[in-house]
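Enquirer: predicted model and sequence below, questions to follow.
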Amino acid sequence: MKLHQLKYIHEVARQGLSISAAAEALHTSQPGVSKQIQMLEDELKLQIFQRKGKRLTGITEPGRHIVKFAATVMLEMQNIKRVGDEFSKVETGTLTIATTHTQARYKLPAAVKQFMELFPNVKLNIHQGDPSQVTAQVANGEADIGIATEAISLDDRLLCLPCYEWNRCVVVPKGHRLIGAAPLTLAKIASYPLITYDFAFTGSTTVSKVFHSAGVLPNVVLTAIDADVIKTYVGLGLGVGLIANMAYDEVRDTDLVRLDCSHLFPTSTTYLGVRKDAFLRGYLYGFIELLAPKFNRGAVDEALKVYRSG
């Protein structure tokens with residue numbers, strides 16, 4: 001059994017059983033990946049993947065265990081590399097952040113600017129997605145840190161630290177009838193076409209719970225993960241927007257009017273999540289403290305210690 005064979009197994013599973021996509025991601029040949037997987041299966045005397053002809057169609061029962069262990073090995077190899085980098089290249093490396101558009105656009109810029117000034121030799125990558133995608137990227141080791149609301153705090157693989165609280169607002173074009181309808185109610189909002197985040201009404205999110213509990217069914221006509229897209233379509237008169245309060249920019253959004261609806265929804269918390277078993281580079285601690293000053297290195301280590309000793 002060789003390390004690169006486990007690497008191939010892991011990547012094929014990650015790429016939805018596509019050997020060609022795995023080979024491309026690993027910068028190697030498709031026949032090479034197939035051959036190494038076959039050699040590992042021969043050595044173990046079992047099939048890891050189900051096949052139909054030359055195409056992989058699924059993962060076998062023993063294969064699921066092997067894929068899981070292979071993923072763990074890859075994460076531990078990443079940790080070993082980080083240890084080496086931390087003590088040999090203290091101020092160089094890469095920090096990958098997974099977050100939602102709203103956080104990236106409206107809350108991260110100040111911390112990112114400071115980080116780049118403090119760590120000029122660290123390459124910063126920002127991946128955007130919905131909260132579930134953000135959570136998955138951190139849990140799978142594709143991102144070092146995740147910043148999102150709700151979903152990320154529910155994953156047991158992650159240590160989640162509360163960064164800040166926020167609520168929502170309704171945005172409408174100037175002259176809209178809702179402007180004179182204060183205070184807002186859920187029924188008043190639901191009487192107009194609603195444009196909001198595409199994850200706001202999936203699963204058991206705060207927004208969906210509030211409407212459901214009140215017995216009010218909103219008319220959601222358009223959704224997006226990007227608050228700026230939501231505001232664009234509100235400006236076109238296609239509906240009223242329900243967005244995070246932080247996503248309303250008083251300087252740029254002068255064509256829209258913000259209406260307070262914080263009395264309708266409980267406050268939400270944005271969490272910063274890292275894998276509990278990850279080795280954290282020094283500059284990652286630095287970024288955490290820039291975004292959430294109460295969590296210095298000692299506080300983060302203490303939180304991790306509670307988990308690791310449990």
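Expert: Sure, I can see it. Numbering: from 1, shown residues only.
Enquirer: ok, now how distant is the residue nearest to S262 when sequence neighbours are not counted from E302?
Expert: When the adjacent residues along the chain are set aside, S262 lies closest to N167, with 4.0 Å between them (CB to CB, 6 or more residues apart in numbering). To be clear about C-beta, it is placed using only N, CA and C from the backbone, and glycine gets the same treatment. With distances taken as CB to CB, to the nearest Å, N167 is found 30 Å from E302.
Enquirer: the two: which is more packed in?
Expert: Legend: neighbour count by other CB atoms under 10 Å for N167 and E302, higher for N167 (17 against 11).
Enquirer: could you measure from that one over to L178?
Expert: Applying CB to CB, one obtains 17 Å for the distance of N167 from L178.
Enquirer: report the contact partners of the residue nearest to S262.
Expert: A244, N245, C261, S262, F265, T267, S268 (CB atoms under 8 Å, 6 or more residues apart in numbering).
Enquirer: and the second one, how many neighbours?
Expert: N245 is flanked by 15 other residues according to other CB under 10 Å.
Enquirer: so what pairs up with the residue nearest to it when sequence neighbours are not counted in the strands?
Expert: Leaving aside its chain neighbours, N245 sits nearest to C169 (4.8 Å; criterion: CB to CB, 6+ apart). On DSSP bridges, the residues paired with C169 through beta bridges are I243, D260.
Enquirer: do the one 4 residues further on as well
Expert: In this structure, P173 has the following beta-bridge partners (DSSP bridges): L256.
Enquirer: which residues are in contact with T57?
Expert: L17, F49, Q50, R51.
Enquirer: tabulate those in JSON lines, adding columns for secondary structure, distance to T28 and pLDDT.
Expert: Formatted as JSON lines, these follow (DSSP: H, G, I helix; E, B strand; the rest coil; distance: CB to CB, whole Å; pLDDT from 0 to 100):
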{"residue": "L17", "secondary structure": "coil", "distance to T28": "17", "pLDDT": "91"}
{"residue": "F49", "secondary structure": "strand", "distance to T28": "18", "pLDDT": "90"}
{"residue": "Q50", "secondary structure": "strand", "distance to T28": "23", "pLDDT": "90"}
{"residue": "R51", "secondary structure": "strand", "distance to T28": "20", "pLDDT": "87"}
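Enquirer: for the helix ranked longest in the chain, packing partners?
Expert: The helix of greatest length in the chain, counted in residues with DSSP state H as the criterion, is given as helix 61-88. Counting contacts by 3 or more CB pairs under 8 Å, 6 or more residues apart in numbering; DSSP states H and E, helix 61-88 packs against helix 3-14.
Enquirer: coming back round to it: in the helix or strand following the longest helix of the chain, what's buried?
Expert: Per DSSP states H and E, the first helix or strand lying C-terminal to helix 61-88 is strand 93-99. For strand 93-99, the buried set under the neighbour-count rule, 16 or more other CB atoms under 10 Å, comprises G93, L95, T96, I97, A98, T99.
Enquirer: which residue ranges form the helices in this structure?
Expert: Per DSSP H, the chain carries helices over the ranges 3-14, 19-25, 30-44, 61-88, 101-106, 109-118, 131-139, 186-190, 206-214, 227-235, 282-291, 297-308.
Enquirer: lowest average pLDDT across those helices?
Expert: Of all the helices of the chain, the minimum mean pLDDT falls on helix 61-88 (a mean of 78).
Enquirer: angle of that helix against helix 282-291?
Expert: Angle, helix 61-88 to helix 282-291, by axes from the mean of the first three to the mean of the last three CA atoms, to 10 degrees: 90 degrees.
Enquirer: could you find the closest non-adjacent residue to V221?
Expert: The shortest distance from V221 to any residue other than its chain neighbours is 4.2 Å, reached at P193 (CB to CB, 6+ apart).
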